[in-house]
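**Student:** coordinates for the following, if possible.
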Amino acid sequence: LEFGVFPCLFIITFFIAKINMNRFQRKLQLHWKPAEGDIEWNVTKSIVYPLIAALSGLLGGLLGIGGGMIVSPLLLELGVLPRVASATSAVAVLMTSSSSTFQKVLLNMIRYDYMAFYAAIGVVGTFIGQTVVNVAIKKFGR
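**Tutor:** Numbers count the residues shown, from 1 in each chain. Just a heads-up that it's a prediction; the model follows:
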């Protein structure tokens, strides 16, 4: 039953790739000019990148590395702008970690005192990190 999900996912991926290619070709026919960082979908990208993503997901699950380590380089390879790739990766991590947390809540496997403590540390750390990065960007111009 669990293995049966994979053929369904491959079929869905094929249809999404076909839709992306058709939409991109239609835009080009209408003399649309892609913005900097837009993904230019063609047959190669529509086949190779989902395969890379599936392999990366498999290796990421087996090795226990985070989704951000997989999604960001893949998006950068696709030609997506670094800021967009970073934001997309952050949303992907947010979705997977939220899903995991919700699962643990349903199974009553969370110590809420620990959760509150580490959530507070995460919020403070995020604020400090973002402030430092913003200062560095203003100082060095990148």
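
**Student:** could you use CA atoms for every contact and neighbour count after this?
**Tutor:** Fine.

**Student:** outside of whichever strand or helix holds residue 72, which residues touch it?
**Tutor:** Following DSSP states H and E, one finds residue 72 within helix 68-78. Surrounding helix 68-78, the residues in contact under the criterion C-alpha atoms under 8 Å, 6 or more residues apart in numbering are 39, 45, 49, 53, 56-57, 60, 82, 85-86, 88-90, 92-93.

**Student:** stretch 15-26 now?
**Tutor:** Contacts of stretch 15-26 (C-alpha under 8 Å, 6+ apart): 40, 41, 42, 43, 46, 47.

**Student:** how about 6 Å then?
**Tutor:** Stretch 15-26 is contacted from outside by 41, 42, 46, using C-alpha atoms under 6 Å, 6 or more residues apart in numbering.

**Student:** so the residue nearest the centre of the chain: helix, strand or coil?
**Tutor:** The centre of the chain sits closest to residue 89, judged by C-alpha atoms, centre = their mean, with a distance of 3.6 Å. Judged by DSSP: H, G, I helix; E, B strand; the rest coil, the three-state class of residue 89 is helix.

**Student:** chain center to the longest helix seen in the chain, what's the gap?
**Tutor:** Longest helix in the chain, counting residues (DSSP state H): helix 112-140. Using C-alpha atoms, centre = their mean, to the nearest Å, the mean C-alpha position of helix 112-140 is found 21 Å from that of the whole chain.

**Student:** rounded mean pLDDT for the helix holding residue 72, please.
**Tutor:** When pLDDT is averaged along helix 68-78, the result is 78.

**Student:** buried ones in that helix?
**Tutor:** 68, 70, 71, 72, 73, 74, 75, 76, 78 (16 or more other C-alpha atoms under 10 Å).
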